[in-house]
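Undergrad: Sequence below, structure please.
(2 chains)
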2 protein chains.
Amino acid sequence: MKLVALYKKPDDPAAFDEAYFNQHLPLIGTVPGLQKTVITRFTRSLVGEDFYLMAEMYFVDESALKTAMKSPEMAAAGENLNTFASGLVMMLFGTEQKME
Amino acid sequence: MKLVALYKKPDDPAAFDEAYFNQHLPLIGTVPGLQKTVITRFTRSLVGEDFYLMAEMYFVDESALKTAMKSPEMAAAGENLNTFASGLVMMLFGTEQKME
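TA: Model prediction:
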């Protein structure tokens, strides 16, 4: 189970990156039960709306994700996010399926 | 390097799934250079816009992705996609970075 955060293009990408990588991701790293975070930088939009960045935060199962969402560490990360990414972020729960 | 396809919620999810998993994904599976495809089903939206599904299609590098985009197999997959997902899909190139 994962938490997916999708970000629209910020007006000031350098300021966004500074806040995101130096403040926000270290806070996310303290969230209990987080296994790994995968960051995608979007380099080009081919069809439809453009996006800037995606973070996929993995947890062992739904219960671990729900516990994480209620943690003070996630609350602190969320408060921090509001200081620089308000209106830019979409946040969803998702499950993954690999087709090799 | 990966090709990311994000889908908005279709009006008829059962018809979408039938076309997507039984017609479209087998066509995607024939695209030259494709290493793996990871499908995410979104189960809940917490903040912002809702999405239905995401496909992440991995290639060894940008050159392999660009070659794949020009292939007749990708053209066939794209034509098929237009028959059931027109107006629902956003398509982007992205690069990944793991933070463990």
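Undergrad: From now on I want contacts and neighbour counts done on CA atoms only, so please keep to that.
TA: Fine.
Undergrad: helices or strands up against the helix or strand of chain A with the lowest mean pLDDT?
TA: The least trusted helix or strand in chain A, going by mean pLDDT, DSSP states H and E, turns out to be strand A:89-99, with a mean of 94. Using 3 or more Cα pairs under 8 Å, 6 or more residues apart in numbering or on different chains; DSSP states H and E, the elements in contact with strand A:89-99 are strand A:2-7, strand B:36-47.
Undergrad: need those strands in CSV with mean neighbour count, distance to B:Phe93 and mean pLDDT, can you?
TA: Output for those, formatted as CSV (neighbours: other Cα atoms under 10 Å in any protein chain shown; distance: least, Cα to Cα, whole Å; pLDDT from 0 to 100):
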stretch, mean neighbour count, distance to B:Phe93, mean pLDDT
strand A:2-7, 22, 14, 98
strand B:36-47, 17, 14, 96
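Undergrad: Identify all contacting residues around the longest helix along chain A.
TA: Counting residues, the longest helix found in chain A (DSSP state H) is helix A:72-82. With contact meaning Cα atoms under 8 Å, 6 or more residues apart in numbering or on different chains, helix A:72-82 is reached by A:Tyr20, A:Gln23, A:His24, A:Leu27, A:Ile28, A:Thr30, A:Val31, A:Pro32, A:Ala68, A:Met69.
Undergrad: quick one: the helix or strand containing A:Leu27 near chain B?
TA: When secondary structure is defined by DSSP states H and E, A:Leu27 falls within helix A:25-28. No. Figure legend: helix A:25-28 not in contact with chain B (Cα under 8 Å from any Cα of the partner chain); closest approach 9.1 Å.
Undergrad: What of stretch A:6-22?
TA: No. Against chain B, stretch A:6-22 shows no contacts by Cα under 8 Å from any Cα, the least distance being 9.4 Å.
Undergrad: can you tell me the distance between the two ends of that stretch?
TA: Stretch A:6-22 has an end-to-end distance of 18 Å (criterion: Cα to Cα, to the nearest Å).
Undergrad: In that stretch, which residues are buried?
TA: For stretch A:6-22, burial by neighbour count (16 or more other Cα atoms under 10 Å in any protein chain shown) applies to A:Leu6, A:Tyr7, A:Lys8, A:Lys9, A:Pro10, A:Ala19, A:Tyr20.
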